[in-house]
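Q: give me a model of this one.
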Amino acid sequence: MSLFLGLLLVVATAWTSPPLEPSFGSAAHFDRGLASQQSGEPVIRSEVGLQTVDVRVKDSHGNDVLGLSAKDFTVREDGKPQEIAFFDAGSGPVTVAVLVDSSSSVGSSAQVGSAEEVAARFMHLARPGDEIWAMDFTEWTGPFERLTPRQLLSPGQVTVPPAGGVGSAIYDAIATAVCNLRGSKNPRQAIIVITDGIDEHSRISLERLIDVIRSQRAQLFLIGLPSRPEFRIPEPAQPKVTLVTGHDIDNPDVVFDRLAQEAGAETFIPKSENGLQDALKAVSNLLESEYTLAYYLPKISHKLRRIEVKVNRRRVRVLPGLVVSSQDSAELVHFVEGTCAVSPNFHPYPYESHVTEGPDGTVYRDDFSDRSSGWPQHPGSHYVSAGYELTTFERTVADSTPRPNISALGLTTGRTTIYRENVVAAYGPSWRDFRLSATMRPVLGHASNGQEQKFTKQVRAAAGLVFRMNQEGYYALLLGGPPKDKNFSFELVARQFQVDSYAESVVVPWTSIDRASPLEMTLAVEDIGDQITVFVDGKKVGSARDDRFREGYVGFTVSAPARATFGNFVVEQK
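A: Predicted coordinates for the structure are as follows:
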């Protein structure tokens, strides 16, 4: 199934830009400064003076209506008519930022190319005076590179460094582009984002991004890409979808839809590589066919204002009015001083308050007493009074409605009990060389009444640790055995994702061990390079060499009918 619901073509656009401040030498100019707080980190603010509106007009046949003048338009703010103080028929230059998502969730069949290649394509559509920037992004943002006039003539000279990284932070990337465009000399601005819409790592929320777009003059264009098969979202569309790590993210379909409806974004879903070029051409045509209007802000203006533009001619129309932020809106996004990188100090991930620097490097600790420390909260993975619990059981049908899962690990149902084959929760920073330890209180059961026949894989009740979880798969240290028995066994496996399931390879086969307590044990894994060493209650019980997963997240898992409570979680960089 396609990731997105369909091609959304907006036939007419009434796009609002933030207010302008009048100058003595021209109708208006733009304030390029960033307001600063006592902390020294700049924030995005709306400007003051004039409010600009970019408008595209269509006739009843869907054709652009050109040749209009200011007297053909009526502008209302919150229902009150406004006098047009500035008008342009779309001939002015535009500053365009091209952002390309190169994260691992984007399907290889997309064949989009790098940010520089996409920008080079758009160069052929640019007009004299247009200013073009390009940026690659993943969970990180690459350099925001301006393309020179010489490069416009020779696109092969374009070089835009890749961002590196694996996942994606779409909202942060757009905010970074908005910040960078504040220095543009052109009043008209556009941001073209080419992405599959899967945002795993942004520090700011979708709601914050919508506020940013409403308060700025940059017009947003979204060009949707297909995702890898295991990242495609099943219908019906839900506001949230759940990653294999257990964390919820915004449904990409909902992201595109909300940005279109609430922030005025234009959305295109190419069907092929030629479709991408067609989408870029459509963006260029739209920018050329827009009118720019501006009016002085009324003395009394609400924090959120609705602007409507009408054309005083028959059988033509523009898009319904948009809601924009007022010139005195609250601070929106903080950036690292001297940069346009979203500030981790003002927009931290929840786990970052539990991360310190030790003698050998980063240390991450969590005793789960703080229920806002960021771990998943679902029926099968949640905080409890004694730590963090994972369970495969979901006792009643009312509590068992399956959530859409990316890389779903399978759901199995019985007449009275519904439970998963595996539950995983992983969180925190990504680790390469480390030592992971945690206490575990397991309660292991067994499948009954033929339940085991309904699993997609052979089952064995087990609980343990996961590590180096990334887009390709993860390692799992599993412990299992008879309840209330000191004789346990452990197994180390590698699970590689395959669409909506996984293929499991044994790294260390089931090996018997003795444990000190029948109720609680301490598990530890030391993973340095390709050397994996396993400890139970402080005693080394096994080791192996395997390098198929080089870096990733850490956490917990339970398999088949099982429940386990974890505590004293510590990860130390080695």
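Q: who does Thr557 bridge with?
A: Thr557 has these beta-bridge partners by DSSP bridges: Val424, Gly464.
Q: run through the residues that contact Gly542.
A: Phe490, Leu492, Val508, Thr511, Thr533, Val534 (CB atoms under 8 Å, 6 or more residues apart in numbering). In short, each C-beta sits where N, CA and C put it, glycine included.
Q: do that again at 6 Å, thanks
A: Counting by CB atoms under 6 Å, 6 or more residues apart in numbering, Gly542 touches Val508, Thr511, Val534.
Q: of those, which is the most crowded?
A: Of all those, Val534 has the most neighbours under the rule other CB atoms under 10 Å, reaching 26 neighbours.
Q: quick check: closest non-adjacent residue to it.
A: Gly542 (4.6 Å; CB to CB, 6 or more residues apart in numbering).
Q: tell me which helix or strand that neighbour sits in.
A: Assigned by DSSP states H and E, Gly542 belongs to strand 539-545.
Q: average model confidence for that strand?
A: The pLDDT scores in strand 539-545 average 95.
Q: identify each buried residue in stretch 82-98, please.
A: The neighbour-count criterion (16 or more other CB atoms under 10 Å) identifies 82, 84-88, 90, 93-98 as the buried residues of stretch 82-98.
Q: same deal with stretch 191-209?
A: Neighbour-count burial for stretch 191-209, with 16+ other CB under 10 Å as criterion, is recorded at 191-204, 206, 208-209.
Q: centre of the chain to that stretch, how far?
A: Between the centre of stretch 191-209 and the centre of its chain there are 5 Å (CA atoms, centre = their mean, to the nearest Å).
Q: for that stretch, C-alpha coordinates in CSV please.
A: C-alpha atoms of stretch 191-209 as CSV (Å, rounded to 0.1, in the frame of the first residue of the first chain):
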residue,chain,number,x,y,z
ILE,A,191,10.9,25.8,1.2
ILE,A,192,10.7,22.5,-0.8
VAL,A,193,10.9,19.4,1.4
ILE,A,194,11.4,16.0,-0.2
THR,A,195,10.6,13.3,2.4
ASP,A,196,8.6,10.2,3.2
GLY,A,197,7.2,12.1,6.3
ILE,A,198,8.5,9.7,8.9
ASP,A,199,9.9,11.9,11.7
GLU,A,200,11.6,9.9,14.5
HIS,A,201,14.0,12.4,16.0
SER,A,202,12.7,16.0,15.9
ARG,A,203,13.1,18.0,19.1
ILE,A,204,10.2,20.3,18.3
SER,A,205,6.6,19.0,17.8
LEU,A,206,4.4,19.1,14.8
GLU,A,207,2.2,21.6,16.6
ARG,A,208,5.3,23.8,17.1
LEU,A,209,6.3,23.5,13.5
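Q: beta partners for Val75?
A: Using DSSP bridges, the beta-bridge partners of Val75 come out as Gln82, Val309.
Q: closest one to Arg371 out of the buried residues of stretch 82-98, please.
A: Among the buried residues of stretch 82-98, Ala97 lies closest to Arg371 (CB to CB), at 39.3 Å.
Q: residue contacts, that closest one?
A: Trp133, Ala177, Ile191.
Q: narrow those residues to those in strands?
A: Trp133, Ile191 (DSSP state E).
Q: after the longest helix seen in the chain, which helix or strand is next?
A: The longest helix of the chain (DSSP state H) is helix 273-289. The first helix or strand that comes after helix 273-289 along the chain, using DSSP H and E, is strand 291-296.
Q: show me what that following strand is packed against.
A: In terms of contacts (3 or more CB pairs under 6 Å, 6 or more residues apart in numbering; DSSP states H and E), strand 291-296 is packed against strand 50-56, strand 84-88.
Q: and those strands, which one's lowest on average pLDDT?
A: Ranked by mean pLDDT, these bottom out at strand 50-56, with a mean of 78.
Q: after it comes which helix or strand?
A: According to DSSP H and E, the helix or strand after strand 50-56 is strand 58-59.
Q: any idea of the mean pLDDT in that next one?
A: 84.
Q: also stretch 344-357?
A: For stretch 344-357, the mean pLDDT works out to 95.
Q: then stretch 135-145?
A: On average, stretch 135-145 scores 91.
Q: so which of the buried residues of stretch 191-209 sit within strands?
A: Filtering the buried residues of stretch 191-209 for strands - DSSP E - leaves Ile191, Ile192, Val193, Ile194, Thr195.
Q: lowest-confidence helix or strand of this structure?
A: strand 35-36 (a mean of 32; mean pLDDT, DSSP states H and E).
Q: tell me where the stretch 201-350 of the chain has helices.
A: 206-215, 252-263, 273-289 (DSSP state H, counting those that start in this stretch).
Q: cool, and the stretch 1-150 of the chain?
A: Secondary structure of the stretch 1-150 of the chain by DSSP H, counting those that start in this stretch: the helices cover 115-123, 149-153.
Q: okay, now the domains of the protein?
A: Using automatic domain parsing, the domains assigned to the chain come out as 13-325, 350-573.
Q: among those, which is nearest Ser343?
A: The nearest among those, by CB to CB, is domain 13-325 at 5.4 Å.
Q: work out the gap between the closest one and the centre of the chain.
A: Here domain 13-325 is found 17 Å from its chain centre; the criterion is CA atoms, centre = their mean.
Q: grab the nearest non-local neighbour of Val336.
A: Nearest one to Val336, counting by CB to CB, 6+ apart, is Ser343 at 5.1 Å.
Q: wouldn't the one you found be in contact with Leu332 here?
A: No. Counting by CB atoms under 6 Å, Ser343 does not reach Leu332; the two are 12.0 Å apart.
Q: where's Gly246 relative to Tyr553, distance?
A: For Gly246, the distance to Tyr553 (CB to CB, to the nearest Å) stands at 10 Å.
Q: Asp130 too?
A: From Asp130 to Tyr553 the distance is 42 Å (CB to CB).
Q: Gln82 too?
A: Applying CB to CB, the value for Gln82 to Tyr553 is 52 Å.
Q: now do Asp537
A: Applying CB to CB, the value for Asp537 to Tyr553 is 25 Å.
Q: ok, the two, which is more surrounded?
A: For Asp537 versus Tyr553, the count of surrounding residues by other CB under 10 Å is larger for Tyr553: 21 against 16.
Q: report the beta-bridge partners for the more buried one.
A: Beta-bridge pairing of Tyr553 under DSSP bridges involves Met469.
Q: in this structure it contacts Ala426, no?
A: Yes. Here Tyr553 lies in contact with Ala426, judged by CB under 6 Å, at a distance of 4.1 Å.
Q: what is in contact with those two at once?
A: Met469.
Q: for Leu465, which non-adjacent residue is spatially closest?
A: With CB to CB, 6+ apart, the residue lying closest to Leu465 is Leu477, at 4.6 Å.
Q: and for the nearest residue to Glu83 once chain neighbours are set aside, the neighbour number?
A: Closest residue to Glu83 apart from its sequence neighbours, by CB to CB, 6+ apart: Tyr295 at 6.0 Å. As a burial measure, Tyr295 scores 21 neighbours (other CB under 10 Å).
Q: now do the contacts for Tyr295.
A: Gln51, Val75, Gln82, Glu83, Ile84, Ala85.
Q: for the fifth one, give me its contacts.
A: Counting by CB under 6 Å, 6+ apart, Ile84 makes contact with Ala70, Leu293, Tyr295.
Q: looking at the residues you listed, which is nearest Ser168?
A: Leu293 (35.5 Å).
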